[in-house]
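*Asks:* take a look and give me a structure for this.
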Amino acid sequence: MSFIVNNRVYVQSGYEDEFEARFKARAGEIDKQPGFKSMRVLRPLGNQAPYVVETEWESQDAFRAWVGSDDFKRAHANPMPKEAFAEGGGLEQFEVVVSATA
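*Replies:* Sure thing, here's the model as predicted:
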C-alpha cells in the first residue's frame, strides 16, 4: 500500500499566485526521489479553507528519506515571508487502507 502526506497551508489573500508559482517552478524535482509516487497541490474553493499539498509515497521510510535529502533542503531554502501564511494547518500522515481508480 501507499503512504500519503497532506500539508494543509493557510495562505493569506494576495499571496496565492506566489504560493502556486513556487510549486509550478519545482515541478519535476520531487518525482526524482526514491519511493515517490505522486503529488497534487489543491487550491481551496472556500475562503476559509487551506491549500492542501498532497504527496504519495511507497512507504513512510521513503517520505522520511526525502525530508532528510538535499532536494528537500533546496526546496525549502528560500521560504515565503511569514506574513504570507495564517495560523493553522500542518502535516497529516496516512496509510492507504482502500484505494480505487477509474
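*Asks:* Asp71 against Glu29, yeah?
*Replies:* Yes: taking contacts as CB atoms under 8 Å, Asp71 lies within contact range of Glu29: 6.1 Å. All C-beta atoms are positioned from the backbone trio N, CA, C, and that covers glycine.
*Asks:* let's see the pLDDT reported for Ala25.
*Replies:* Looking at Ala25, its pLDDT stands at 88.
*Asks:* isn't there a helix covering Phe23?
*Replies:* Yes: inclusion of Phe23 in a helix is indicated when DSSP: H, G, I helix; E, B strand; the rest coil is applied.
*Asks:* ok, how many other residues are close to it?
*Replies:* Applying other CB atoms under 10 Å, we find 15 residues neighbouring Phe23.
*Asks:* residues of stretch 11-29 that come out buried?
*Replies:* Buried residues in stretch 11-29, counting neighbours by 16 or more other CB atoms under 10 Å, are found at Val11, Phe19.
*Asks:* for that stretch, which outside residues touch it?
*Replies:* By CB atoms under 8 Å, 6 or more residues apart in numbering, the residues outside stretch 11-29 that reach it are 9, 41, 43, 47, 50-51, 53, 71, 74-75, 80, 83-86.
*Asks:* what about the closest residue to Glu83 other than its chain neighbours, distance to Tyr51?
*Replies:* Leaving aside its sequence neighbours, Glu83 sits nearest to Gln12 (CB to CB, 6 or more residues apart in numbering; 6.6 Å). Per CB to CB, to the nearest Å, Gln12 is found 11 Å from Tyr51.
*Asks:* and Gly89, what does it touch?
*Replies:* Taking CB under 8 Å, 6+ apart as the test, what Gly89 contacts is Asn7, Arg8, Val9, Tyr10, Pro50.
*Asks:* Asp71 now?
*Replies:* Glu29, Ile30, Lys32, Gln33.
*Asks:* ramachandran coordinates for the last one?
*Replies:* Read it as Gln33. With angles defined as degrees, to the nearest 10, Gln33 sits at phi -80, psi 140.
*Asks:* what about Val97, distance to Lys82?
*Replies:* From Val97 to Lys82 the distance is 36 Å (CB to CB).
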